[in-house]
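Asks: okay, predicted coordinates and the sequence, questions at the end:
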Amino acid sequence: MGGSMEAIGLAVIGGTGVYRLAELDDVQAVEADTPYGRPSGPLRIGRLGSHRVAFLARHGEGHSLPPHRVNYRANLWALHAAGARRVLAVNTVGGITDAFGPRVLACPDQLIDYTWGRASSFWDQEGGEVLHVDFGDPYTPPLRTAVLEAAARAGVAVVDGGCYGATQGPRLETKAEIARMRRDGCDLVGMTGMPEAGLARELGLDYACLAVVANWAAGCGDAAEITLAEVLANVDAAGAGLPALLRALLEGGQGRRE
């Protein structure tokens, strides 16, 4: 895949309800192909201020891909090939514990993977190289710190920390499943956190999650039947500060691993 020699300052992967970055200027659509197939959609590469930013809608721009059918390998490979080295993943999630109610933004620091059957590694070809990456801290600590500092500068409230539990989907969880996740230590539940984070680590990408709490998980808070309209309204409200946070993050220029 060809591209400009100018570095991409940040790649953003948008989750449910976040299908574009309207603030990007001079946007070019890049139709990528990878050894793992096609990504979820075109890479939208443009400028936010003086910085180049790449955006990819994880579920496709028309939300045509359920979580278990997203080509996570192609998505991460395409962003890496385009020159991105820092990835901020926006994940729409449910809240489990009290600090993570609807319309909260959080930057989790831990992760439990409950998914199954997904292509979860670039290193699984028969006869190929075997790589075991260190995944004790699933989100790159310097980038997490940079996101939190950028949020503070931008005046955007973000909860520091929390454990994201990644479930298989596409159905929502039962109350018993959420109760188990709470016992396991999960604060948030989503369907797209893995294998995305692990694949980013395999490629050496700095990766952090900005979790947008759209609703209470089953049996939590004042949870009632969850409607798509409610989810999208909460995502819009919680994500209102995202452009300011991104600008502050890019202007800060921090969060790279040495």
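Replies: Nice, thanks for sending it over.
Asks: tell me which residue lies nearest the centroid of this protein.
Replies: Central residue of the chain (C-alpha atoms, centre = their mean): residue 89, 2.2 Å from the mean position.
Asks: hmm, residue 195 and that one touching each other?
Replies: No. The criterion here is C-beta atoms under 8 Å, and residue 89 misses it with residue 195 at 12.0 Å. Backbone N, C-alpha and C define where each C-beta goes, glycine included.
Asks: quick check, the residue nearest to the centre of the chain in a strand?
Replies: Yes. Assignment of residue 89 by DSSP: H, G, I helix; E, B strand; the rest coil places it within a strand.
Asks: using CSV, write out the CA atom coordinates for the biggest helix by length in the chain.
Replies: In the chain, taking DSSP state H as the definition, the longest helix is helix 141-154. The C-alpha trace of helix 141-154 is given here as CSV (Å, rounded to 0.1, in the frame of the first residue of the first chain):
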residue,chain,number,x,y,z
PRO,A,141,1.2,2.5,29.7
PRO,A,142,2.8,5.6,28.2
LEU,A,143,0.0,6.0,25.7
ARG,A,144,-2.6,5.5,28.4
THR,A,145,-0.9,8.2,30.4
ALA,A,146,-0.9,10.5,27.4
VAL,A,147,-4.6,10.0,26.8
LEU,A,148,-5.4,10.8,30.4
GLU,A,149,-3.2,13.9,30.4
ALA,A,150,-4.7,15.0,27.1
ALA,A,151,-8.2,14.6,28.6
ALA,A,152,-7.3,16.7,31.6
ARG,A,153,-5.9,19.5,29.3
ALA,A,154,-9.1,19.4,27.2
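Asks: adjacent strands (with direction) for the helix or strand following that helix?
Replies: As assigned by DSSP states H and E, the chain's next helix or strand after helix 141-154 is strand 159-160. According to DSSP bridges, strand 159-160 has the following sheet partners: strand 105-107 (parallel).
Asks: and the contacts of the partner strand?
Replies: 100, 139, 144, 147-148, 151, 156-162, 187-188, 208-213, 238-239, 241 (C-beta atoms under 8 Å, 6 or more residues apart in numbering).
Asks: tell me the helix or strand right after that strand.
Replies: Defined by DSSP H and E, the subsequent element after strand 105-107 is strand 110-113.
Asks: now for that next one, which elements pack on it?
Replies: strand 163-166 (3 or more C-beta pairs under 8 Å, 6 or more residues apart in numbering; DSSP states H and E).
Asks: could you give me the buried positions within stretch 84-102?
Replies: Within stretch 84-102, the residues that qualify as buried by neighbour count (16 or more other C-beta atoms under 10 Å) are 84-97, 100, 102.
Asks: one step back: buried among the contacts of strand 105-107? Make that a ChimeraX selection.
Replies: In ChimeraX, this line selects whichever of the contacts of strand 105-107 come out buried by 16+ other C-beta under 10 Å:
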select :100,139,144,147,148,151,156,158,159,162,187,188,208,209,210,211,212,213,238,239,241
